[in-house]
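Participant: Got a predicted model here, sequence first, then my questions.
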Amino acid sequence: MIYMDNAASAPIHKDVVAAMLSCINKTYGNPSSIHRAGRMAKRSIEAARSSVAELINADPSEIFFTSGGTESNNTILRNPSYRNIITTQIEHDSILEPCRSCRGEKSITYLPPDEFGMISPESLESTITKQTDLVSIMTANNEVGTIQPIEKLSNICKGYGVPFHTDMVQAVGKMPIDVGRMGVDAASISSHKIRGPKGVGALYIRGGIKTSPLIYGGGQEGGLRSGTENVPAIVGFGEAARIARQQLHDDMQHVTSLRDTMTYRIMSEVSHVTYNGHPLHRLPGNAHLSFLGINGEDIIIKLDEYGMAASTGSACSVHTQKESHVLRAMKLDGDVISGSLRLTLGPDNTMADVDTAIHTIKRVVAELRRVSPLKEKYAF
Ligand SMILES: *Cc1c(COP(=O)(O)O)cnc(C)c1O
């Protein structure tokens, strides 16, 4: 199988599996217990915390483990002390839905992107006031891969004394991240997007930023996230973070070169294709293309038949079958939206994968266009 859906979930790294298996077998104690088995589990968690902290250049005391990106985002957005919130129209559903669920209690402004999926600092500048309690803008978009000007955005927030949160689930492990330099006060991370296990993630919170737990109980994770820690998952996450940090520059180079070769060839060998998102400020592995006159869903179903995994956009849209809110916010043409295909490459992909992918995509697109109702319009 050719797997090009790394933005939905990345294949787990073999060293992560090894670390988790060893932990499941040997580290059975409860991290809150005083005895040796408990202390051993506690030590494993703290080693993982340091590794995750290093990946984003944070202090370990600023990292709180959660069940994933969704919980990290909910923990910040649902905090009752943040009542006036500015976010964007292109956030992941794990930001947008908590906002919707608080409609009665909070006032929320959604900044629009431009046609490249970019949020302009000017639009934040003209919306933010001293009454704003929180700004939340994603570091990189999960559908089109556009990277936001985070430093400029956080700087504006600083001028108003407003805390700045960023969903950096897609950006971590794909580009250099330094929370200090980026000026962010809080950030969400997920393990399974960086070749770790599913069901674990972290919330970075700089000291002095208001927090409030979603889940109450035994007071684990500094009281921010109660419940006995998922030690093997946390250990796997720590190992994935270590690998991501160690291989970041090689991975970026490798994945960018595969992505550029693939998009260049598809754009030159297939007619009526658009390349969506920002041409320069985008995640290394993200290629987002639209094949006019056919439907993205039909493309992925046929690609799957030929042994290739891709996506139309966000993996979560399968539950709702609605068209992408991100592409709609970018005001793309209807045929561009319906013909969209997201290919997200990872470090495991090879140039041979790219060759096979191009061959398969050309074949699928030709097959679908042969029976397209829009055949006349585009003169295929
Ligand atoms: C995947 C994703 C999430 C959700 O993370 P989970 O760990 O799957 O809950 C949040 N935000 C973005 C941008 C994502 O891509």
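Facilitator: All right, it came through fine.
Participant: Which residues of the stretch 1-150 of the chain lie near the ligand?
Facilitator: Contacts of the stretch 1-150 of the chain with the ligand, taken as CB under 6 Å from any ligand atom, map to 68-70, 92, 94, 138, 142. In this view, the C-beta of every residue, glycine as well, is placed from N, C-alpha and C.
Participant: Recalculate using a threshold of 5 Å.
Facilitator: Contact residues (CB under 5 Å from any ligand atom) of the stretch 1-150 of the chain with the ligand: 68-70, 92, 94, 142.
Participant: Could you tell me how many residues sit around Arg83?
Facilitator: Arg83 is flanked by 15 other residues according to other CB atoms under 10 Å.
Participant: And for Ala287?
Facilitator: Quick note: Ala287 (other CB under 10 Å) scores 26 neighbours.
Participant: before we move on, what about Gln246?
Facilitator: Other residues close to Gln246 by other CB under 10 Å number 11.
Participant: For it, give me phi and psi.
Facilitator: Note on Gln246: backbone dihedrals following degrees, to the nearest 10 are phi -60, psi -40.
Participant: Point me to the helix or strand that includes Thr274.
Facilitator: strand 273-275 (DSSP states H and E).
Participant: Run the chain-centre distance for that strand.
Facilitator: 23 Å (CA atoms, centre = their mean, to the nearest Å).
Participant: could we number from 730 for the rest of this?
Facilitator: Sure thing, new numbering starts at 730, so read that last one as strand 1002-1004.
Participant: Residues contacting the helix or strand that it is followed by, please?
Facilitator: Next in sequence after strand 1002-1004, counting helices and strands by DSSP H and E, comes strand 1015-1020. Strand 1015-1020 has contacts (CB atoms under 8 Å, 6 or more residues apart in numbering) with 736, 872-874, 988, 991-992, 995-996, 999, 1001-1006, 1025, 1028, 1042, 1061, 1064-1066, 1068-1074, 1094, 1097-1098.
Participant: Next: stretch 878-896.
Facilitator: Stretch 878-896 is contacted by residues 798, 802, 805-806, 820-821, 823-824, 847-848, 850, 853-854, 857-859, 861-868, 910-917, 938-939, 1010 when judged by CB under 8 Å, 6+ apart.
Participant: Let me see the mean pLDDT of that stretch.
Facilitator: Stretch 878-896 carries an average pLDDT of 98.
Participant: Then stretch 903-914?
Facilitator: 98.
Participant: That stretch near the ligand at all?
Facilitator: No: Stretch 903-914 stays clear of the ligand (CB under 5 Å from any ligand atom), getting no nearer than 11.0 Å.
Participant: Please enumerate the helices of the stretch 830-979 of the chain.
Facilitator: In the stretch 830-979 of the chain, helices defined by DSSP state H, counting those that start in this stretch lie at 850-854, 879-889, 908-911, 960-998, listed in chain order.
Participant: next structured bit after the strand or helix carrying Ile1029?
Facilitator: Secondary structure from DSSP H and E places Ile1029 in helix 1025-1034. Later in the chain than helix 1025-1034, the nearest helix or strand by DSSP H and E is strand 1037-1038.
Participant: strands paired with that next one, and their directions?
Facilitator: strand 731-732 (parallel) (DSSP bridges).
Participant: following the strand it pairs with, which helix or strand shows up next?
Facilitator: Downstream of strand 731-732 (by DSSP H and E), the next one is helix 743-755.
Participant: Show me what that next one packs onto, helices and strands only.
Facilitator: Counting by 3 or more CB pairs under 8 Å, 6 or more residues apart in numbering; DSSP states H and E, the packing neighbours recorded for helix 743-755 are helix 960-998.
Participant: Just the CA atoms of whatever helix or strand Arg772 lives in, as CSV, please.
Facilitator: Using DSSP H and E, Arg772 falls within helix 765-784. C-alpha atoms of helix 765-784 as CSV (Å, rounded to 0.1, in the frame of the first residue of the first chain):
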residue,chain,number,x,y,z
ARG,A,765,9.7,1.4,43.6
ALA,A,766,7.3,0.2,40.8
GLY,A,767,5.4,3.5,41.1
ARG,A,768,8.6,5.6,41.1
MET,A,769,9.7,3.7,38.0
ALA,A,770,6.5,4.6,36.2
LYS,A,771,6.8,8.2,37.3
ARG,A,772,10.4,8.4,36.0
SER,A,773,9.2,7.1,32.6
ILE,A,774,6.6,9.8,32.4
GLU,A,775,9.1,12.6,33.4
ALA,A,776,11.6,11.4,30.8
ALA,A,777,8.9,11.6,28.1
ARG,A,778,7.9,15.0,29.4
SER,A,779,11.5,16.3,28.9
SER,A,780,11.6,14.8,25.4
VAL,A,781,8.3,16.5,24.3
ALA,A,782,9.5,19.7,25.9
GLU,A,783,12.7,19.6,24.0
LEU,A,784,10.9,19.2,20.7
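Participant: Understood, closing this out.
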